[in-house]
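[1] got a sequence here, can you model it:
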Amino acid sequence: MTTVGLRERKKQKTRIALIDAALDLFLAEGYDITTVDQIAAAVDVSPRTFFRYFASKEEVALSPCRDGQEIFESELAARPGDESPYQAVMRAMRTTLATVRDGDPAEADRFVKVRRLMKETPSLIAGQMCMIAQSERRLTEEVARRRGTDVDDLHTQFVVSVLTTINRVCLEHGPDDPAPLLERMERTIAIAERCLRPGWDR
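    Below is the predicted model of the structure:
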């Protein structure tokens with residue numbers, strides 16, 4: 001392995017250690033009273049090192065969500081071009097959740113902790129909503145690309161609104177564990193498919 005490869009692995013290991021330490025401290029001590037100094041000390045690094053990876057407590061708290069969004073967006077971009085926007089998004093969402101469910105157990109544990117933290121921490125709501133809004137803008141751009149329209153097209157915006165509603169029904173009131181959450185998603189998708197006319201998203 002090259003020196004660059006080893007360096008990147010070390011950086012990724014430190015980043016994950018900071019996320020795990022932060023989540024454990026936030027859940028045990030409370031997000032609002034936990035300090036960056038405490039998070040850094042738990043990983044035996046300096047606060048300066050923490051700030052090389054994250055700009056704030058909020059960023060480290062939300063980083064697993066952002067990582068999940070990046071996986072989802074990568075999966076969506078890789079879907080075949082002949083799939084409709086709805087099919088592509090739903091299949092990308094299934095793959096993303098299945099990756100969490102069937103992958104490294106530490107990832108699934110992290111997923112559960114983040115969902116608990118979001119429910120217990122009102123002060124994170126604004127940051128979470130900003131992140132969701134940014135994700136929806138990127139989703140609108142992808143749906144517009146697949147439909148051959150611009151982002152201001154009314155039909156494209158309606159497609160995105162349906163997709164984000166399905167996502168919220170699945171995630172906002174769903175269980176924390178990824179396995180039953182994936183089952184909830186399948187049930188929600190089945191309801192949508194019974195209600196929507198084939199080709200509605202073209």
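
[2] just the pLDDT at Thr2, thanks.
    On pLDDT, Thr2 comes in at 63.

[3] residues of the longest helix along the chain that come out buried?
    Counting residues, the longest helix found in the chain (DSSP state H) is helix 3-29. Of all the residues in helix 3-29, those buried under the rule 16 or more other CB atoms under 10 Å are 14-23, 25-27. Where C-beta positions appear, they are placed from N, C-alpha and C, glycine not excepted.

[4] export those residues to CSV and tack on pLDDT and distance to Thr35?
    Output for these, formatted as CSV (pLDDT from 0 to 100; distance: CB to CB, whole Å):
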residue, pLDDT, distance to Thr35
Thr14, 96, 18
Arg15, 95, 19
Ile16, 96, 20
Ala17, 97, 17
Leu18, 97, 13
Ile19, 97, 16
Asp20, 97, 17
Ala21, 97, 12
Ala22, 97, 11
Leu23, 97, 15
Leu25, 97, 9
Phe26, 97, 11
Leu27, 96, 15
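
[5] one step back: and the next helix or strand past the longest helix of the chain?
    helix 36-43 (DSSP states H and E).

[6] ok, and what's touching the next helix-or-strand element following that following helix?
    Where DSSP H and E defines the elements, the next helix or strand beyond helix 36-43 is helix 47-53. The contact list for helix 47-53 (CB atoms under 8 Å, 6 or more residues apart in numbering) reads Thr14, Arg15, Leu18, Val36, Asp37, Ile39, Ala40, Val60.

[7] among these, which two are most distant?
    Arg15 and Asp37 (17.9 Å; CB to CB).

[8] any weak-confidence spans in the chain?
    1-4 (pLDDT under 70).

[9] now the helices: where do they sit in it?
    3-29, 36-43, 47-53, 57-78, 85-102, 105-120, 125-147, 154-171, 178-195.

[10] identify whichever of those lies nearest to Arg202.
    helix 125-147 (7.1 Å).

[11] that closest one to helix 154-171, inter-axis angle?
    130 degrees (axes from the mean of the first three to the mean of the last three CA atoms, to 10 degrees).

[12] residues of helix 125-147 that come out buried?
    Applying 16+ other CB under 10 Å to helix 125-147 flags Gly127, Met131, Ser135, Leu139, Thr140, Glu142, Val143, Ala144, Arg146, Arg147 as buried.

[13] out of those residues, who's nearest Pro80?
    Arg146 (10.4 Å).

[14] what's the burial count for the closest residue to that closest one other than its chain neighbours?
    Excluding the flanking residues, the one nearest Arg146 by CB to CB, 6 or more residues apart in numbering is Pro85, at 4.9 Å. Using other CB atoms under 10 Å, Pro85 has 24 other residues around it.

[15] many thanks, I have nothing further to ask.
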